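A.B. asks: I need the structure of the sequence given here:
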Amino acid sequence: MSKTTIPSGYRMPLSNNELQRAIELIHADFQHNLTVRLNLHRVSAPLFVDGKTGLNDDLNGVERAVSFDIPDVGTDGQVVHSLAKWKRLALKRYQFHPGEGLYTDMNAIRRDEELDNLHSAYVDQWDWEKIITQEDRTRDYLKQTVNAIVRALVDTQSFLRSVFPQLSALPELPGQVTFVTAQDLEDLYPQLSPKERENTIVREHGAVFLMGIGGKLKSGQPHDGRAPDYDDWNLNGDILFWDSVNGQAIELSSMGIRVSPESLDRQLTLAGCDSRRSLPFHRMLLNGELPLTMGGGIGQSRVSMLLLGKAHIGEVQSSLWDPDTVRACEQAGVVLL
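C.D. replies: Okay, the predicted model is just below:
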């Protein structure tokens, strides 16, 4: 059953041709702004990895990867969910130094995604990762990086509006980010669900970085699931903006300072995932053979949605949709790519 809802009176601010040019502009300008602000260099990245290495990501810990056999290789390939662990290994292999990082276009298939206005089975994002020092493993450093990313988004919006003035009718992105922990949010709104808490705080502030996702809160439940082997649950978070078209919070990025050997050891046990200790990637990390890093993914289609005032993610990316979604969009005059 479709979970798509097109807002009443929704109108597309750009023609289909202008839309394609605007998406191209967003991609080019934002990735330039991002690389300059975070000191990143572009690299090539895999579409699939060997499932036995532990390099693929479990995201919330339950999603199934798309697998297929490769007879000449003698193993099964897994289409990536994200590149969080691969990027960390790549930083070591490519001999990056502290303060330097990489970024790439990440394309993934998430077969278990629940599809709606913001969610697609196809994921496209800028995936980035950089080497940090032990002294950088702080919330202050995390906040500095979040502010740099948001500034890059604001700059891209300004440039986009100079090319397409009709987009100036959309709300400006806030330049100021409100930082709040998942526990603070639960304390403020204990009667609300996690998603309702996000909508409430982001509606008020416009731009929020929600910190500390993955570990259990005082209620005994995490705010949201996070696999135990890439983010440090005490040093991560989501960048959320208010989507005025759909009237809800939209997550543009999940990011964080990555697990150290000590925090990986702790989180594997807390998550009941001690069996992963024997996987090649996890052995290297536990043995201190990988650099300390931070990183994240920034949704390309979601950035385009927000900056272009789109109601459905299918307006800015090509994917597959159920008949009810296609019908709802057709009735509202929404063109799915």
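A.B. asks: which helices and strands does the helix with the most length in the chain pack with?
C.D. replies: Determined from DSSP state H, the single longest helix within the chain is helix 139-163. Applying 3 or more CB pairs under 8 Å, 6 or more residues apart in numbering; DSSP states H and E, one finds that helix 139-163 makes contact with helix 16-38, strand 207-211, strand 231-243, strand 248-258, strand 293-299, helix 300-308. C-beta coordinates here come from the backbone N, C-alpha and C atoms, glycine included.
A.B. asks: wait, which of these is closest to residue 132?
C.D. replies: Residue 132 lies closest, by CB to CB, to one member of the helices and strands packed on helix 139-163: strand 293-299, at 5.4 Å.
A.B. asks: Contacts for the closest one, please.
C.D. replies: 34, 82-84, 87-88, 91, 101, 106, 123-132, 136, 141-142, 145, 149, 239, 251-258 (CB atoms under 8 Å, 6 or more residues apart in numbering).
A.B. asks: Export that strand to PDB, keeping only CA atoms.
C.D. replies: C-alpha atoms of strand 293-299 as PDB (Å, rounded to 0.1, in the frame of the first residue of the first chain):
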ATOM      1  CA  THR A 293      38.100   8.700  11.100                       C
ATOM      2  CA  MET A 294      34.900  10.500  10.900                       C
ATOM      3  CA  GLY A 295      32.500  10.600   8.000                       C
ATOM      4  CA  GLY A 296      29.000  10.200   6.700                       C
ATOM      5  CA  GLY A 297      26.600  10.200   3.800                       C
ATOM      6  CA  ILE A 298      24.700  13.100   2.400                       C
ATOM      7  CA  GLY A 299      21.600  12.200   0.400                       C
END
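A.B. asks: report the angle between the axes of that strand and helix 300-308?
C.D. replies: 60 degrees (axes from the mean of the first three to the mean of the last three CA atoms, to 10 degrees).
A.B. asks: about what we covered before: quick one: the helices and strands packed on helix 139-163 as CSV, columns for mean pLDDT and distance to residue 168 too.
C.D. replies: Output for the helices and strands packed on helix 139-163, formatted as CSV (pLDDT from 0 to 100; distance: least, CB to CB, whole Å):
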stretch, mean pLDDT, distance to residue 168
helix 16-38, 94, 13
strand 207-211, 97, 19
strand 231-243, 96, 17
strand 248-258, 95, 20
strand 293-299, 95, 23
helix 300-308, 95, 12
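A.B. asks: what's the closest of these to residue 192?
C.D. replies: strand 248-258 (12.5 Å).
A.B. asks: what sits up against the very next helix or strand once past the closest one?
C.D. replies: Remark: after strand 248-258, the chain's next helix or strand is helix 261-270, criterion DSSP states H and E. If you take CB under 8 Å, 6+ apart as the criterion, helix 261-270 is touched by 214-215, 228-229, 232-234, 259, 274, 276-277, 282, 285-288.
A.B. asks: Recalculate using a threshold of 7 Å.
C.D. replies: Helix 261-270 is touched from outside by 228, 229, 232, 233, 259, 274, 276, 277, 285, 286, 288, with contacts defined as CB atoms under 7 Å, 6 or more residues apart in numbering.
A.B. asks: Next one: residue 252 from residue 199, what distance?
C.D. replies: 15 Å (CB to CB, to the nearest Å).
A.B. asks: Show me the shaky parts of this protein.
C.D. replies: Applying pLDDT under 70 to the chain picks out residues 1-2, 57-63.
A.B. asks: show me the contacts for the closest residue to residue 134 other than its chain neighbours.
C.D. replies: Closest residue to residue 134 apart from its sequence neighbours, by CB to CB, 6 or more residues apart in numbering: residue 292 at 6.3 Å. By CB under 7 Å, 6+ apart, the residues touching residue 292 are 131, 132, 133, 134, 137, 260.
A.B. asks: that older thread, tell me which of the helices and strands packed on helix 139-163 sits nearest to residue 163.
C.D. replies: Among those, if distance is taken as CB to CB, the winner is helix 16-38, at 6.2 Å.
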